[in-house]
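Q: sequence first, then the predicted structure:
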Amino acid sequence: MLKIFIVNTISGFNELFVEMRIFVNTKSIGMSTENEVLNYSKEERKNHILKEINLHTRVSFETLSAKLGVSEDTVRRDINELDADSLLIKVKGGAMTKGYHYSSSNQTYAVEAKLVIAQKAVNLLHDGMVLIVDGGTTIREFIRLIPNDLNLTVFTITALTAVQLLDKPNIKIIMIGGSISSYSQMCVSGEAFHQLANIKADLLVLGTNALDVDGGYSDSDWETVQVKKAMIQASRKTAVLTITEKLNTVLKMKIASLSEVNYVITEEEPDHEKLQPYKKNVPSLIII
């Protein structure tokens, strides 16, 4: 599958630039090859859809269609039924895990692993730091574990993250504003880019949908990719929080190479076999 994206401008920047990206991916979003025949039953399709959405938080109709080898109309019908059964949340262009919704904090996927990751991430914090904090279910657990007596300044582009931070009495919260994407629930307009360009945080704490030695840090939504690139540029160091189930997966658009990331934090010990290729190929990367 070949995708070409051409961007003429990104509002919020003074200079005009053109970016063309060609991304060919058959590795892990499940694009079927000519020799592969997919023949899922309806029940198997629905189970696969739920698995993908729980793992990657949000998945588009297009990605699921390619992965399952069926039309987008078939995927829409399956998602409509799963939404009617309250098993996921339908959003524009795809579907979202119920655990990411503000009303469903008790339905987090792999919550025990995410609690381990959250505690490790909290250990990176110290009094007086300036952070940029992403959104997502792992980030939610991270915020819950931040000590109440820790003095921090936190910028975020995610409304739910800002609300969750309100429970922390010694954190100054700065919401980076603009138009909010109904797909990613992040501020993605030019105003967000302009504000991020004037920040240099001590640490960026990112959730992830996919991480790979060769494919780097990636996502499937163009607006999300662009704003996360700007977040990385606005930070001195970057920590990516991910369950190991998301390792060795690649989504359609690359956000950053692993060489641009300082920390990868998982629920496993750093010497776990699944993490060794990351340590070997990117010596500067700190695995926690």
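A: That came through, no problem. Note that the coordinates shown come from a computational prediction; the quantities given were computed from them, not determined experimentally. Numbering: from 1, shown residues only.
Q: how far away is K67 from I199?
A: As defined by CB to CB, to the nearest Å, K67 lies at a distance of 37 Å from I199. Glycine gets a C-beta too; all of them are placed from N, C-alpha and C.
Q: let me see the ranges of the strands in the stretch 101-250 of the chain.
A: Secondary structure of the stretch 101-250 of the chain (DSSP state E, counting those that start in this stretch): strands at 130-133, 152-156, 171-175, 203-207, 211-212, 216-219, 238-241.
Q: which stretch among the ones you listed approaches Q276 most closely?
A: Smallest distance to Q276 across the strands of the stretch 101-250 of the chain (CB to CB): 14.1 Å, for strand 211-212.
Q: and the contacts of the closest one?
A: Under the contact criterion CB atoms under 8 Å, 6 or more residues apart in numbering, strand 211-212 has outside partners 27-28, 217-218, 240, 242, 246-250, 258, 264.
Q: what about the stretch 101-250 of the chain, any weak spots by pLDDT?
A: Along the stretch 101-250 of the chain, the parts satisfying pLDDT under 70 run over 101-107.
Q: any chance you could map the helices in it?
A: Under the criterion DSSP state H, counting those that start in this stretch, helices of the stretch 101-250 of the chain are mapped to 111-122, 137-145, 159-165, 190-196, 222-233.
Q: those: which one's closest to E81?
A: The nearest among those, by CB to CB, is helix 137-145 at 23.7 Å.
Q: let's see stretch 238-249 as PDB, backbone CA atoms only.
A: Coordinates of each C-alpha in stretch 238-249 appear next as PDB, following Å, rounded to 0.1, in the frame of the first residue of the first chain:
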ATOM      1  CA  THR A 238      11.500  12.700  25.600                       C
ATOM      2  CA  ALA A 239      10.200   9.600  27.400                       C
ATOM      3  CA  VAL A 240       7.900   7.200  25.600                       C
ATOM      4  CA  LEU A 241       5.600   5.000  27.800                       C
ATOM      5  CA  THR A 242       4.500   1.700  26.200                       C
ATOM      6  CA  ILE A 243       3.400  -1.700  27.100                       C
ATOM      7  CA  THR A 244       5.600  -4.400  25.500                       C
ATOM      8  CA  GLU A 245       2.700  -5.600  23.400                       C
ATOM      9  CA  LYS A 246       3.000  -2.400  21.300                       C
ATOM     10  CA  LEU A 247       6.700  -3.000  20.600                       C
ATOM     11  CA  ASN A 248       7.700  -4.100  17.100                       C
ATOM     12  CA  THR A 249       4.600  -2.600  15.600                       C
END
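Q: and the residue nearest to T137 when sequence neighbours are not counted, how far is that from A230?
A: Take T137 and drop its neighbours on the chain: the residue closest to it by CB to CB, 6 or more residues apart in numbering is T108, 4.7 Å away. Relative to A230, T108 is positioned 27 Å away (criterion: CB to CB).
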